[in-house]
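Undergrad: When you get a sec, could you give me coordinates for this:
(one chain, ligands or ions: 1)
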Amino acid sequence: MLIVVCIKQVPDTTQVQIDPVTNTLVRDGIPFIVNPYDSHALEAALQLKDMFGFRVAAISMGPPNAEATLRKALALGVDQAILLSDRVFGGADTLATSNVLTRAVQLLNEKEEVGLVLCGKQTIDGDTAQVGPGIATRLGYVQLTLVDRIEQVDMLRKKITVRRKLEGRHEVVESPLPAMITVVRELNHPRYPTVPMRLNAIDAEIEVWNNDVLKLDVANIGLKGSPTWVSRIFSPEREKGEIVGDGLNDPIGSANLLIDKLLSKDLLAI
Ligand SMILES: Cc1cc2nc3c(=O)[nH]c(=O)nc-3n(C[C@H](O)[C@H](O)[C@H](O)COP(=O)(O)OP(=O)(O)OC[C@H]3O[C@@H](n4cnc5c(N)ncnc54)[C@H](O)[C@@H]3O)c2cc1C
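TA: Model (predicted):
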């Protein structure tokens, strides 16, 4: 059985700024990282590989430099890494992205039965959490979102049991395979690659599939296949805070001033 992990290269958003003039993300000089949730998806796939001997393929849609993301996955132990890259894939919204990733899974499935597709819960740049469910819908797979524990994989019955992390409660669900799972951080602690594995990954092959391989109708991919677009991106304006007293030289006086202020606004009860 093949497990496919979808990993996206994202800018390290702790350092991303918004250009106030163009309202776009300033990406120049920003380091890229593997979307953190996808590292947990990758770890889950590798643990299943360790336990059951499944093969693991990592796929990523992105520009040529997204290869670095896949090389990290190779260093960690995936068996196959595929970069889905073509100019016609550019400008994709979540629907067009799902179409490309789905086609890649279908092509992989033609050679080896895909049992699981693993995705992160969401990305830290797009943040939509739509792509995983989008892939599941197109593949006709059961979708198990927000998974924080894989309880059991029963290969005889072709079933998987997972725990979903919901607000204030957990839900344990059994589902037939194949399935698509999106994972949360609590699922596991991602491993670090050993030095020999890093060295091996330097020369490991990363397949690049463009649209000559996927053969998707250009009306369903990239900008043309994207019915949604970002009309504006901005940081919410915040009121300037008020500095109460001189906390450095007179902390007690400042604390008293603050208490008086909170009392006067009925924000503090004594
Ligand atoms: C309205 C709209 C318009 C957009 N227009 C553009 C545009 O013009 N140009 C542009 O570059 N981007 C654009 N984007 C961003 C692009 O659509 C997203 O990067 C992409 O669809 C993934 O969405 P997301 O980041 O919200 O992923 P989520 O749905 O939050 O991701 C969930 C999971 O899906 C998987 N996944 C998501 N994306 C990928 C990927 N590329 N490869 C592999 N796995 C993946 C990962 O496992 C990830 O954890 C747009 C997004 C929106 C919402």
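Undergrad: Ignoring the adjacent residues along the chain, who's closest to the residue of the stretch 51-200 of the chain found nearest the ligand?
TA: Going by C-beta to the nearest ligand atom, the ligand is nearest to G126 of the stretch 51-200 of the chain, at 2.1 Å. In short, each C-beta sits where N, CA and C put it, glycine included. Using C-beta to C-beta, 6 or more residues apart in numbering and skipping the chain neighbours, the partner closest in space to G126 is T94 (7.2 Å).
Undergrad: Now the residue of the stretch 51-200 of the chain closest to the ligand: which helix or strand?
TA: Here G126, judged by DSSP states H and E, is contained in no helix and no strand.
Undergrad: For the stretch 151-270 of the chain, which residues are neighbours of the ligand?
TA: Residues of the stretch 151-270 of the chain lying near the ligand by C-beta under 6 Å from any ligand atom: 228-230.
Undergrad: what about 8 Å?
TA: 182, 223, 226, 228-230 (C-beta under 8 Å from any ligand atom).
Undergrad: about what we covered before: tally of neighbours for the residue nearest to G126?
TA: Each residue near T94 was counted by other C-beta atoms under 10 Å, and the total is 18.
Undergrad: contacting residues for it?
TA: 126, 128, 130-131, 134, 228 (C-beta atoms under 8 Å, 6 or more residues apart in numbering).
Undergrad: Who are the contact partners of M61?
TA: Contact analysis of M61 by C-beta under 8 Å, 6+ apart lists 8, 83-85, 89, 92, 97, 100-101, 104.
Undergrad: Model confidence score at R232, please.
TA: Looking at R232, its pLDDT reads 80.
Undergrad: Give me the contact list for stretch 156-168.
TA: 115-116, 144-154, 170-177, 179, 181, 184, 186.
Undergrad: Name the residues of it that come out as buried.
TA: 160, 162-165 (16 or more other C-beta atoms under 10 Å).
Undergrad: Output the residues you listed as CSV; include the columns secondary structure and pLDDT.
TA: Shown next, in CSV, are the buried residues of stretch 156-168 (DSSP: H, G, I helix; E, B strand; the rest coil; pLDDT from 0 to 100):
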residue, secondary structure, pLDDT
I160, strand, 98
V162, strand, 98
R163, strand, 98
R164, strand, 98
K165, strand, 97
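Undergrad: Now the buried members of the contacts of stretch 156-168.
TA: Counted by 16+ other C-beta under 10 Å, these give 115-116, 144-150, 153, 175, 177, 179, 181, 184 as buried.
Undergrad: returning to what we had before: please report which of the residues of the stretch 151-270 of the chain next to the ligand has the highest neighbour count.
TA: Result: T182 is most packed of these (other C-beta under 10 Å), 25 neighbours.
Undergrad: what's the helix or strand for it?
TA: strand 179-183.
Undergrad: partners of that strand in the sheet?
TA: Using DSSP bridges, strand 179-183 pairs in its sheet with strand 114-120 (parallel), strand 142-154 (parallel).
Undergrad: Run through who's touching the last one.
TA: Right, strand 142-154. With C-beta under 8 Å, 6+ apart, strand 142-154 has contacts from 44, 47-48, 51-52, 121, 129, 132-133, 136-137, 159-166, 170, 172-173, 175-184, 186-187.
Undergrad: and what of stretch 182-197?
TA: 36-37, 39-44, 46-47, 72, 75-77, 118-122, 129, 132-133, 143-150, 165, 201.
Undergrad: so can I have TSV of the strands paired with strand 179-183 showing mean pLDDT?
TA: Shown next, in TSV, are the strands paired with strand 179-183 (pLDDT from 0 to 100):
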stretch	mean pLDDT
strand 114-120	98
strand 142-154	97
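Undergrad: So what's the residue count around the closest residue to E207 other than its chain neighbours?
TA: Closest residue in space to E207, ignoring its immediate chain neighbours: I82 at 4.7 Å, by C-beta to C-beta, 6+ apart. I82: 22 surrounding residues under other C-beta under 10 Å.
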